[in-house]
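Student: Fold the following and give me the result.
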Amino acid sequence: MTLQPWFADAKLGIFLHWGIYAVDGVPESWSFYGGDIPYDTYMAQLDRFTAADYDPDAWARLFARAGARYAVLTAKHHDGVALWDTAASDLSVAKRSPAGRDLLTNYADAMRRHGLKTGLYFSHLDWSHPDYPTLRHLDQTRPWMTDNAFTMPPEGQEDPERWERFLTFHRAQIRELVTGYDPDLLWFDGHWERTERQWRMKELRDELMSLNPDLILNARMHGYGDYATPEQGVPITPPKGPWELCYTLNDNWGHVPGDDRHKSVGQLVRTFAETISVGGNLLLGIGPTAEGAITAPCVSRLEGLGDWIARNQEGVHGTVAGLPLGHHHGTSTLSKDGRTLYLHCLDVPREFVAVRGLRTRVRRVSVLGSGVELGHRTVGGFKHVPGVLYIDTPADPDPHVTVLAVELDGELDLYRGAGHG
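Tutor: Reported below is the predicted structural model:
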């Protein structure tokens with residue numbers, strides 16, 4: 001599976017969970033699934049979902065200022081409520097809410113006008129569709145498999161014919177998204193309640209590739225996606241191949257008014273640096289209000305992250321994963337030609353910044369953002385084992401993460417051995 005090259009260099013995307021759950025500020029879909037509120041109470045939020053302040057151009061301008069290269073919007077979450085005027089169902093904000101219109105067209109157009117790639121989130125499962133809970137997962141030993149009535153029927157009451165009807169509906173909605181909005185990326189979710197064979201994921205991928213061979217699919221396709229999607233924490237061991245960390249700006253995906261646990265700009269910068277240093281993208285999640293506004297705490301943090309990316313642009317875009325663990329006490333990226341190493345000083349350097357095992361001669365070291373050149377020297381070394389590169393500390397460190405550009409006299413060459421002796 002060949003991934004479009006724009007994805008690996010995008011580094012930052014914005015993940016928008018927007019739907020009727022923002023009206024009362026309850027967790028998206030899970031609040032009724034888990035019994036926190038009745039289903040009818042949850043769905044009554046449709047009557048008050050207005051999108052009155054929805055300005056996708058303002059969203060796109062903000063995301064561009066944040067340094068993002070793509071965005072993903074929840075076209076339909078597990079609750080089954082579509083943000084577009086789907087012909088496959090009447091459960092949409094266009095037909096059933098005061099918003100009264102398709103919300104995806106202006107979103108897709110605005111993202112493209114401002115140079116962002118367009119992503120759409122779609123939940124395979126649909127806890128509102130009457131034909132969805134008609135089949136049981138083939139492996140009932142899995143810990144998340146429960147007899148929730150939104151998920152599956154009681155044993156012995158499966159109805160394969162109704163499941164076929166659901167798959168017809170499922171495919172119809174996905175085709176509407178691909179042919180109607182021409183997304184660059186489809187971000188699937190909700191695959192876990194059925195097997196690959198039950199979903200027929202290979203058939204789905206084949207159909208999507210026939211519609212648009214350049215379309216990127218995330219991994220929630222039971223093995224038929226393009227990249228992995230760990231959640232809520234930089235993985236200790238990164239996934240093999242391309243991947244993306246989806247990560248909330250506060251503690252919730254959608255808009256929850258009482259959630260004021262927003263991560264600081266410093267925390268976001270550090271997480272971003274940690275992610276790109278091991279080859280991933282950061283998909284940063286925010287939840288607009290029911291009116292379509294992005295709250296001030298989210299705006300200020302996105303702008304703060306964008307300021308840092310702008311200062312350190314050279315060490316972000318056009319780079320790949322940096323040094324393996326053990327060479328530098330911090331994170332790093334490497335230019336695609338392998339001739340410039342970008343060291344991320346996650347904490348304020350004290351006496352020096354050190355790099356171990358560097359065989360390639362260093363031509364110059366400077367601070368990104370200011371261009372100030374720093375002194376450097378190599379100390380020690382024995383036979384084939386290189387010495388330690390010591391770099392003078394910058395006089396004016398970045399308030400979040402200082403990035404040092406180490407220009408090499410050739411491609412990066414590292415010593416990875418156990419030493420001589």
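Student: ok, the most centrally placed residue in the chain - contacts?
Tutor: Central residue of the chain (Cα atoms, centre = their mean): Leu283, 2.3 Å from the mean position. Each residue near Leu283 by Cβ atoms under 8 Å, 6 or more residues apart in numbering is listed here: Gly13, Ile14, Phe15, Val72, Thr229, Glu244, Leu245, Cys246, Tyr247. Glycine gets a C-beta too; all of them are placed from N, C-alpha and C.
Student: got it, and Leu167?
Tutor: With Cβ under 8 Å, 6+ apart, Leu167 has these contacts: Trp199, Arg200.
Student: Please repeat the previous calculation with a cut-off of 10 Å.
Tutor: By Cβ atoms under 10 Å, 6 or more residues apart in numbering, the residues touching Leu167 are Asp131, Tyr132, Leu135, Arg194, Gln198, Trp199, Arg200, Glu203, Leu204.
Student: isn't the second one right up against Trp163?
Tutor: Spelled out, that is Tyr132. Yes - using Cβ atoms under 10 Å, Tyr132 is in contact with Trp163, at 8.3 Å.
Student: Give me the common contacts of these two.
Tutor: Arg194.
Student: The two - which one has more neighbours?
Tutor: Remark: of Tyr132 and Trp163, Tyr132 carries more neighbours, 25 against 18, as counted by other Cβ atoms under 10 Å.
Student: The residue nearest to the centre of the chain sits in which helix or strand?
Tutor: Using DSSP states H and E, the element containing Leu283 is strand 280-286.
Student: Now that strand: average pLDDT?
Tutor: For strand 280-286, mean pLDDT is 98.
Student: following it, which helix or strand shows up next?
Tutor: helix 296-311.
Student: What residues sit buried inside that following helix?
Tutor: Cys298, Val299, Arg301, Leu302, Gly304, Leu305, Gly306, Asp307, Trp308, Ile309, Arg311 (16 or more other Cβ atoms under 10 Å).
Student: Then stretch 229-241?
Tutor: Thr229, Pro230, Val234, Pro238, Pro239.
Student: now, among the residues you listed, which is nearest to Asp392?
Tutor: Val234 (29.2 Å; Cβ to Cβ).
Student: Which residue, other than its chain neighbours, is closest to that closest one?
Tutor: Leaving aside its chain neighbours, Val234 sits nearest to Glu274 (4.7 Å; criterion: Cβ to Cβ, 6 or more residues apart in numbering).
Student: Who are the packing partners of the host helix or strand of the one you found?
Tutor: For Glu274, the host element (DSSP H and E) is helix 265-277. For helix 265-277, the elements it packs on are strand 12-16, strand 243-248, strand 280-286, helix 296-311, strand 319-321, strand 331-335, strand 340-345, judged by 3 or more Cβ pairs under 10 Å, 6 or more residues apart in numbering; DSSP states H and E.
Student: sorry, back to before: nearest to Ala64, of the contacts of Leu283?
Tutor: Closest to Ala64, out of all of the contacts of Leu283 and judged by Cβ to Cβ, is Ile14, at 10.0 Å.
Student: So that closest one sits against Ala71, correct?
Tutor: Yes - taking Cβ under 10 Å as the definition, Ile14 is a contact partner of Ala71 at 4.5 Å.
Student: could you pull out the helices for the stretch 51-200 of the chain?
Tutor: Counting by DSSP state H, counting those that start in this stretch, the segments of the stretch 51-200 of the chain that form helices are 56-65, 93-96, 104-113, 160-181, 196-199.
Student: Of all the ones you listed, which one is nearest Asp251?
Tutor: Asp251 lies closest, by Cβ to Cβ, to one member of the helices of the stretch 51-200 of the chain: helix 56-65, at 21.1 Å.
Student: So which bits of that closest one are buried?
Tutor: Pro56, Trp59, Ala60, Leu62, Phe63, Ala64, Arg65.
Student: okay, the third one: pLDDT?
Tutor: Put plainly, it is Ala60. pLDDT at Ala60 comes out at 98.
Student: can you pull the contacts of Phe188?
Tutor: 120-124, 174, 199, 201, 204, 217-222, 224-225, 229.
Student: Out of these, which sit inside strands?
Tutor: Leu120, Tyr121, Phe122, Ser123, Leu217 (DSSP state E).
Student: beta partners for the third one?
Tutor: In this entry, Phe122 is beta-bridged to Lys76, Phe188, by DSSP bridges.
Student: That one contacts His170, correct?
Tutor: Yes - between Phe122 and His170 there is a contact under Cβ under 10 Å: 9.2 Å.
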